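> this is the structure alone, sequence omitted:
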């Protein structure tokens with residue numbers, strides 16, 4: 001429930017500043033369901049807040065970008081390497097990733113350099129979080 005509470009606080013802040021997207025919240029689930037990141041802040045939280053889940057059977061950065069564009073993913077979470085692979089992928093320009101404004105990481109500390117690169121490479125990202 002703490003994850004749901006956190007999400008609702010962010011939603012209220014974004015609502016007050018007209019920062020809420022018209023898109024249905026959607027996340028790309030690319031972490032095995034037995035992992036705490038997949039089970040709690042992604043799967044269970046999605047049920048509680050009505051967020052759509054798009055599942056990947058195996059990690060592939062380009063496939064993730066294709067799905068972000070096709071499914072209008074608004075939130076991405078994975079280990080830090082996953083989001084930096086998207087931010088620096090040579091084919092990133094082929095995809096419209098602007099629906100995804102939140103990138104979170106867990107499982108390992110996110111290097112400060114990753115945050116800088118993500119914000120530099122994807123200027124539309126409003127939240128670049130580390131969760132642990």
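Thanks, I have it. Everything quoted here is computed from the prediction, not taken from an experiment.
> look at residue 131 and report its pLDDT.
Here, the pLDDT recorded for residue 131 equals 50.
> how about low-confidence regions in this protein?
For the chain, the stretches flagged by pLDDT under 70 are 1, 3, 7, 10-11, 13-21, 33, 37, 127-132.
> at which residues are the strands of it located?
Using DSSP state E, the strands assigned to the chain run over residues 26-29, 52-55, 75-78, 102-105, 127-130.
> could you dump these to CSV with mean neighbour count and distance to residue 118?
Glycine gets a C-beta too; all of them are placed from N, C-alpha and C. Converted to CSV, the strands of the chain look like this (neighbours: other Cβ atoms under 10 Å; distance: least, Cβ to Cβ, whole Å):
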stretch, mean neighbour count, distance to residue 118
strand 26-29, 22, 15
strand 52-55, 15, 20
strand 75-78, 24, 10
strand 102-105, 22, 6
strand 127-130, 15, 5
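> OK, contacts around the residue nearest in space to the middle of the chain?
Nearest to the geometric centre of the chain sits residue 76, at 1.4 Å (Cα atoms, centre = their mean). Counting by Cβ atoms under 8 Å, 6 or more residues apart in numbering, residue 76 makes contact with 27, 28, 64, 68, 82, 83, 86, 100, 102, 103, 104.
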